[in-house]
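[1] Task: produce atomic coordinates for the following.
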Amino acid sequence: MSEDQISRTALRESIAGTIFAEHIHQFDEIDSTNSAAMLAAQSGAAEGSVFLAERQTEGRGRGGNIWHSEPGAIYLSVVLRPRLQASDVLILSLATGLAVSAAVEEVCGIAPDLRWPNDILLGKKKLGGILSELNIDAGKVRHAVIGVGLNVKQAEFPEGIREVATSLLQETGKEWPRVELVAAFLRALQKEYQAMQAAPEDAMRSCITRFEKRSSYARGKRVKVAGGDGFEGITEGLDARGFLRVKTAGGSRLVMSGGVRPA
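    Model prediction:
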């Protein structure tokens, strides 16, 4: 596998004019980019600060799950200070998923599927994931950290996850430049975030509509929902805040949390 170090200079030039261009922090190895970004945000880090790592030793997924974090992928977190109520923050994950999907399509010519709320898929396998962490005060978001893991150049995965994980290299047979993917993602995220800051309600409606179009899981998919009592049903789209509606034998239910998988 060829070296593909992400050049800060090249990245900064590619995202000039965005909020992400000025404060880019890079690490060869770190416990977790999200952990570093949360600590920095609590200390007053500028909005748009970016944390990039070649490898994570304690990468996390949603629900405290371990995220396999060997070299060859993108591990990135950003600091945001959205004008959102705490009850509306799911939209950040959905918008980030749309930005990741747009970036992969722009650079690689393939459009990943989005599995509510934060999985990036190619076919039936997981290409990446999103982890949103928040600091909330009096019902308002003081700051948010959005983390993205995207498998790019891994030729294989360890026993235990190779049946469910994939990479862009595995799917396309090509090694894609990570700096181009990161830049395309940050440009797409800037567009989503600008709209959200300018007109939150309009942006939420737009984001939900576009997520439903991008996701094979949003409507008409039989799924099982983990967590709580667990249940199965057919997805019926998203509500006004982005939560997933599922029609079950006992009526319609709203998924507030819990993993969603094909039934």
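
[2] and residue 126, what element?
    Element membership of residue 126 [criterion: DSSP states H and E] is strand 125-137.

[3] That strand - contacts with which helices or strands?
    Contact here means 3 or more Cβ pairs under 8 Å, 6 or more residues apart in numbering; DSSP states H and E; on that basis strand 125-137 packs against helix 33-42, helix 90-108, strand 119-122, strand 140-151. C-beta coordinates here come from the backbone N, C-alpha and C atoms, glycine included.

[4] For the stretch 101-250 of the chain, which segments count as helices?
    For the stretch 101-250 of the chain, the helices defined by DSSP state H, counting those that start in this stretch occupy 168-172, 178-198, 200-214.

[5] Quick one, which of those gets closest to residue 40.
    Minimum separation from residue 40 across the helices of the stretch 101-250 of the chain (Cβ to Cβ) falls at helix 178-198, 17.1 Å.

[6] quick one on the thing from earlier: select, out of the helices of the stretch 101-250 of the chain, the one closest to residue 82.
    Of all the helices of the stretch 101-250 of the chain, it is helix 178-198 that lies closest to residue 82, at 6.3 Å by Cβ to Cβ.

[7] out of the helices of the stretch 101-250 of the chain, which comes closest to residue 8?
    Set against residue 8 and scored by Cβ to Cβ, the helices of the stretch 101-250 of the chain come closest in helix 178-198, at 9.3 Å.

[8] What mean pLDDT does the closest one get?
    Taken as a whole, helix 178-198 has a mean pLDDT of 97.

[9] again with stretch 81-94
    93.

[10] what's the answer for stretch 241-256, then?
    Stretch 241-256 comes out at a mean pLDDT of 95.

[11] and residue 256, how many neighbours?
    Other residues near residue 256 come to 12 when the count uses other Cβ atoms under 10 Å.

[12] and the helices and strands packed on strand 125-137 as TSV, adding mean neighbour count and distance to residue 248?
    Output for the helices and strands packed on strand 125-137, formatted as TSV (neighbours: other Cβ atoms under 10 Å; distance: least, Cβ to Cβ, whole Å):
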stretch	mean neighbour count	distance to residue 248
helix 33-42	21	33
helix 90-108	23	21
strand 119-122	21	22
strand 140-151	22	31
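
[13] and those as CSV, adding distance to residue 259?
    Converted to CSV, the helices and strands packed on strand 125-137 look like this (distance: least, Cβ to Cβ, whole Å):
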stretch, distance to residue 259
helix 33-42, 19
helix 90-108, 14
strand 119-122, 9
strand 140-151, 16
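
[14] Tell me which of the ones you listed sits nearest to residue 159.
    Checking the helices and strands packed on strand 125-137 against residue 159 by Cβ to Cβ gives strand 140-151 as the closest, at 16.3 Å.

[15] what angle do that closest one and helix 178-198 make?
    160 degrees (axes from the mean of the first three to the mean of the last three Cα atoms, to 10 degrees).

[16] Just give me how far stretch 103-114 sits from the chain centre.
    With Cα atoms, centre = their mean, to the nearest Å as the basis, stretch 103-114 stands 13 Å off its chain's centre.

[17] residues in contact with that stretch?
    Contacting residues not belonging to stretch 103-114 are listed as 97-98, 100-101, 120-123, 127-128, 150, 168, 171-172, 174, 176-177, 180-181, 184-185, 187-188, 211, 214-217 [Cβ atoms under 8 Å, 6 or more residues apart in numbering].

[18] avg pLDDT for it?
    97.

[19] and the end-to-end length of it?
    Start and end residues of stretch 103-114 are separated by 13 Å (Cα to Cα, to the nearest Å).

[20] and what of stretch 74-87?
    The first residue of stretch 74-87 is 29 Å away from its last residue (Cα to Cα).
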